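**Student:** everything below, folded, please.
(2 chains)
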Protein chains: 2
Amino acid sequence: VSVGATKAGEFDIIARYFAPLARGFEGAAGLTNDVASFVSAPGCEIVVTVDTLVEGVHFFPEDPPRQIGQKLLRVNLSDLAASGAEPRYYFLAMSLPARIDEDWIAGFTAGLADDQDEFGVRLGGGDTTSTPGPVSLTLTAIGEVPVGATIGRCGAVPDEDIWVSGTVGDAALALPLISAGADMQDYPHILSRYRLPQPRVGLGPALRNLASASIDVSDGLLADLHHICKGSEVGAAIHKVDIPLSDEAKGLLARDSSRWELILGGGDDYEILFTAPTIMRARLDTVSRDSGISLTRIGKTTKGPEIMVSDETGTLRDATISGWRHF
Amino acid sequence: VSVGATKAGEFDIIARYFAPLARGFEGAAGLTNDVASFVSAPGCEIVVTVDTLVEGVHFFPEDPPRQIGQKLLRVNLSDLAASGAEPRYYFLAMSLPARIDEDWIAGFTAGLADDQDEFGVRLGGGDTTSTPGPVSLTLTAIGEVPVGATIGRCGAVPDEDIWVSGTVGDAALALPLISAGADMQDYPHILSRYRLPQPRVGLGPALRNLASASIDVSDGLLADLHHICKGSEVGAAIHKVDIPLSDEAKGLLARDSSRWELILGGGDDYEILFTAPTIMRARLDTVSRDSGISLTRIGKTTKGPEIMVSDETGTLRDATISGWRHF
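**Tutor:** Numbers count the residues shown, from 1 in each chain, chains lettered A, B, ... in the order given. Have a look, this model is predicted:
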């Protein structure tokens, strides 16, 4: 752990709030080193992912720091889950403006502490610097997976099933309601989905050797499907009626069908979108039962390259996107 | 590689400037995934370090982007070197304000490209986000070391030699000269030392099983010695006359001996400061000859806990620091 030269008492802060997060990770040496070390489990490969959250871009200044800590960890764990990896360690780089006080740090680390117990990860180290700008938080998450079993985006072939876990669109539906001043007590489910990602850590490893390609839904259902299609050089045909929706989302759609744009285009669901050969259906039903996480087939891969979406009448329209900007 | 939703053409930028940096790292999949994976070499442990550079804190807005890229990579490689690790992979998180243009990215990645060839590392992935604040760059570097051979800060015992590589104080001497408008053509050596760290990547692995504790000199000679002493629960006695100085540093000290404060307290030398049993002297002399990097004994560890510095007359004074703030 390196320490910026402009914040007083930083060593005390590390000892009090961050060192406890490294307990149980011997190679982190209580965060007294600039490095941490660990031995990979035999027969496993290491999986690494990095995500940054910036104040004013990914969260609001007034958001509870506890929730910010949890979100930071969870968006990374979601990437590991989609790759089939089990999370092990994380490293944390924080650029903090002078106004950040010990209360903020206490809340932020309390969120991390709760989540790292829930998801089985430990802090290995990091860096704290001052910044004249907004809070900027970068987390590197490290997981493990049996050698060769990491699920990427490039393994889909035509005529496979396209699956998605849980429900999609909830987080994207919440934001305009909040902005419009709606009483969010009427929408407890989508509000909680918006506030805090639920990474599918329990599901991802179960998809090894079943899913041919996988991604977490963070950019949006169509955008992330596009990533798989582009990586795998396939197309897709999905059916709106098959897309799994929460009851609250169904209610909102019934009142305003233009909200489909949010379902298809909005992000931050952190569900796993994946492809699998049709022969895997029975095994995936078992995975769903065992994990308690619903898995829904929403369409098929095609020779492509188009991504087609069928509407309520069954009419297919081309929803191919040439880039994220269209959503 | 996740991509922020506010910068146009980001996928093109990744493909053009960043994907080439991942060539040769198969598990990075051309930066098309959110994760990268690799198999650890048999008998090795993984070493991880993270450092952040913030515009306006660690570099100037007008600094050449090529140099910023190199500095970012090198400060992390220096941490790996001090731990005895050989660098393998790195991951990059960038928060970029809207004014950052393609020329900046081109320069920044050109610096990374040069250095990753020189130091034998490859880009594995990362994250790009927009920010309303300054450029903020976080690099996670991953290295390997034989199991159990990682050099930490906690292994020193009393009556060992204290060694330092190269020369110290150069970078710290440069800054006030630049600020005072001195003609830096008279100080080419210290200027280059200030501009660009030279991580001791070739030296670090050679110190395995010789050094009992090790750190790179980034906070300052005394501050980093303090880190070793605190981690190892020892003290130290070092001798000013034995501290290795460049000819330019010697000249500057001859004119103003108060500059010793900069030599002892200034940081950013990126030399390796380490302890070793006296029985290792002959082997360390061989390491120095083989690597072409000078290694100098500057004192001994003691039962402590004081850090004593002897001045030119041999008089010892207590230079124990209770925290970085004193320097």
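
**Student:** which residues of the stretch 51-200 of chain A lie near chain B?
**Tutor:** Counting by Cβ under 8 Å from any Cβ of the partner chain, the stretch 51-200 of chain A comes close to chain B at A:51-54, A:56-58, A:79-80, A:82-83, A:85, A:89, A:91-95, A:124-127, A:129-134, A:136, A:138, A:140, A:142, A:145, A:147, A:150, A:152-154. The C-beta positions use only the backbone N, C-alpha and C, and glycine is treated the same way.

**Student:** now, those that are in helices?
**Tutor:** Residues of those located in helices (DSSP state H): A:79-80, A:82.

**Student:** by neighbours, which of those wins?
**Tutor:** Neighbour counts for these, by other Cβ atoms under 10 Å in any protein chain shown, peak at A:A82, which reaches 34 neighbours.

**Student:** give me the nearest residue to it, chain neighbours excluded.
**Tutor:** A:D216 (4.1 Å; Cβ to Cβ, 6 or more residues apart in numbering or on different chains).

**Student:** that neighbour: neighbour count?
**Tutor:** The burial count for A:D216: 28, using other Cβ under 10 Å.

**Student:** can you name the residues bridging to it?
**Tutor:** With DSSP bridges as the criterion, A:D216 is bridged to A:I272.

**Student:** quick one: it and A:F274 touch, right?
**Tutor:** No - the criterion here is Cβ atoms under 8 Å, and A:D216 misses it with A:F274 at 9.7 Å.

**Student:** which neighbours do these two have in common?
**Tutor:** Residues touching both A:D216 and A:F274 (Cβ atoms under 8 Å, 6 or more residues apart in numbering or on different chains) are A:A82.

**Student:** assumed A:W104 was part of a strand.
**Tutor:** No - using DSSP: H, G, I helix; E, B strand; the rest coil, the secondary structure at A:W104 is helix, not a strand.

**Student:** quick one on the thing from earlier: which residues touch the residue nearest to A:A82?
**Tutor:** Contacts of A:D216 (Cβ under 8 Å, 6+ apart): A:78-79, A:81-82, A:199-200, A:224, A:270-273, B:34.

**Student:** strands of chain A, start to end?
**Tutor:** Per DSSP state E, chain A carries strands over the ranges A:2-3, A:36-38, A:44-54, A:86-96, A:122-130, A:136-146, A:161-165, A:213-216, A:235-239, A:272-276, A:295-302, A:307-310, A:316-318.

**Student:** redo these as JSON lines? Include mean pLDDT.
**Tutor:** What follows is the strands of chain A, written out as JSON lines (pLDDT from 0 to 100):
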{"stretch": "strand A:2-3", "mean pLDDT": "38"}
{"stretch": "strand A:36-38", "mean pLDDT": "95"}
{"stretch": "strand A:44-54", "mean pLDDT": "96"}
{"stretch": "strand A:86-96", "mean pLDDT": "96"}
{"stretch": "strand A:122-130", "mean pLDDT": "94"}
{"stretch": "strand A:136-146", "mean pLDDT": "97"}
{"stretch": "strand A:161-165", "mean pLDDT": "98"}
{"stretch": "strand A:213-216", "mean pLDDT": "97"}
{"stretch": "strand A:235-239", "mean pLDDT": "95"}
{"stretch": "strand A:272-276", "mean pLDDT": "98"}
{"stretch": "strand A:295-302", "mean pLDDT": "98"}
{"stretch": "strand A:307-310", "mean pLDDT": "92"}
{"stretch": "strand A:316-318", "mean pLDDT": "83"}
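
**Student:** who wins for proximity to B:G304 among these?
**Tutor:** strand A:2-3 (21.9 Å; Cβ to Cβ).

**Student:** verify the contact between A:S310 and A:K240 for me.
**Tutor:** Yes - if you go by Cβ under 8 Å, A:S310 and A:K240 touch, sitting 6.3 Å apart.

**Student:** rewinding a little: show the buried residues in the residues of the stretch 51-200 of chain A next to chain B.
**Tutor:** Among those, those scoring as buried are A:51-54, A:57-58, A:79-80, A:82-83, A:85, A:89, A:91-95, A:124-127, A:129-131, A:133-134, A:136, A:138, A:140, A:142, A:145, A:150, A:152-154 (criterion: 16 or more other Cβ atoms under 10 Å in any protein chain shown).

**Student:** so what's the residue of chain A found nearest chain B closest to, chain neighbours aside?
**Tutor:** Closest residue of chain A to chain B, Cβ to the nearest Cβ: A:G133 (2.0 Å). In this structure, A:G133 finds its nearest non-sequential neighbour in B:G133, 2.0 Å apart by Cβ to Cβ, 6+ apart.

**Student:** same check, this time on A:D114
**Tutor:** Distance criterion Cβ to Cβ, 6+ apart; nearest residue to A:D114, sequence neighbours excluded, is A:Q70 at 7.1 Å.

**Student:** what do you get for A:T296?
**Tutor:** A:P244 (4.2 Å).

**Student:** pretty sure that neighbour sits against A:T167.
**Tutor:** Yes - in this structure A:P244 lies within contact range of A:T167 using Cβ under 8 Å: 4.8 Å.

**Student:** neighbour count winner among these two?
**Tutor:** Using other Cβ under 10 Å as the criterion, A:P244 and A:T167 rank with A:T167 on top: 22 against 18.

**Student:** tell me the contacts of the closest residue to A:G107 other than its chain neighbours?
**Tutor:** Once flanking residues are discounted, A:G107 sits nearest to A:P65: 3.6 Å by Cβ to Cβ, 6+ apart. By Cβ under 8 Å, 6+ apart, the contact set of A:P65 is A:103-108, A:111.

**Student:** make it 7 Å
**Tutor:** A:104, A:107-108, A:111 (Cβ atoms under 7 Å, 6 or more residues apart in numbering or on different chains).

**Student:** need those residues in JSON lines with distance to A:G220, pLDDT and neighbour count, can you?
**Tutor:** Output for the contacts of A:P65, formatted as JSON lines (distance: Cβ to Cβ, whole Å; pLDDT from 0 to 100; neighbours: other Cβ atoms under 10 Å in any protein chain shown):
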{"residue": "A:W104", "distance to A:G220": "31", "pLDDT": "95", "neighbour count": "16"}
{"residue": "A:G107", "distance to A:G220": "30", "pLDDT": "97", "neighbour count": "17"}
{"residue": "A:F108", "distance to A:G220": "28", "pLDDT": "97", "neighbour count": "26"}
{"residue": "A:G111", "distance to A:G220": "26", "pLDDT": "97", "neighbour count": "21"}
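
**Student:** which of the residues you listed sit farthest apart?
**Tutor:** A:W104 and A:G111, at 11.1 Å, using Cβ to Cβ across the contacts of A:P65.

**Student:** ok, and the closest non-adjacent residue to A:S83?
**Tutor:** B:V35 (4.4 Å).

**Student:** please tell me how far that neighbour sits from B:L191.
**Tutor:** 41 Å (Cβ to Cβ, to the nearest Å).

**Student:** so for those two, which residue has more residues nearby?
**Tutor:** A count of neighbours by other Cβ under 10 Å puts B:V35 above the other of B:V35 and B:L191, at 31 against 20.

**Student:** that one and B:A211, how far apart?
**Tutor:** 34 Å.

**Student:** got it, and A:S37?
**Tutor:** 15 Å.

**Student:** from one end of stretch A:166-184 to the other, what's the distance?
**Tutor:** 21 Å (Cα to Cα, to the nearest Å).

**Student:** please report phi then psi for A:G304.
**Tutor:** phi 70, psi -160 (degrees, to the nearest 10).

**Student:** chain neighbours aside, what residue packs nearest to it?
**Tutor:** A:G235 is the one closest to A:G304 (Cβ to Cβ, 6+ apart), at 2.2 Å.

**Student:** looking at it, the one you found is touching A:V309, isn't it?
**Tutor:** No - taking contacts as Cβ atoms under 7 Å, A:G235 lies outside contact range of A:V309: 11.6 Å.

**Student:** which one of those two has more residues nearby?
**Tutor:** Counted by other Cβ under 10 Å, A:G235 and A:V309 do not tie: A:V309 has more neighbours, with 24 against 20.

**Student:** now do the contacts for the more buried one.
**Tutor:** Per Cβ under 7 Å, 6+ apart, neighbours of A:V309: A:238, A:240, A:264, A:317, A:319.
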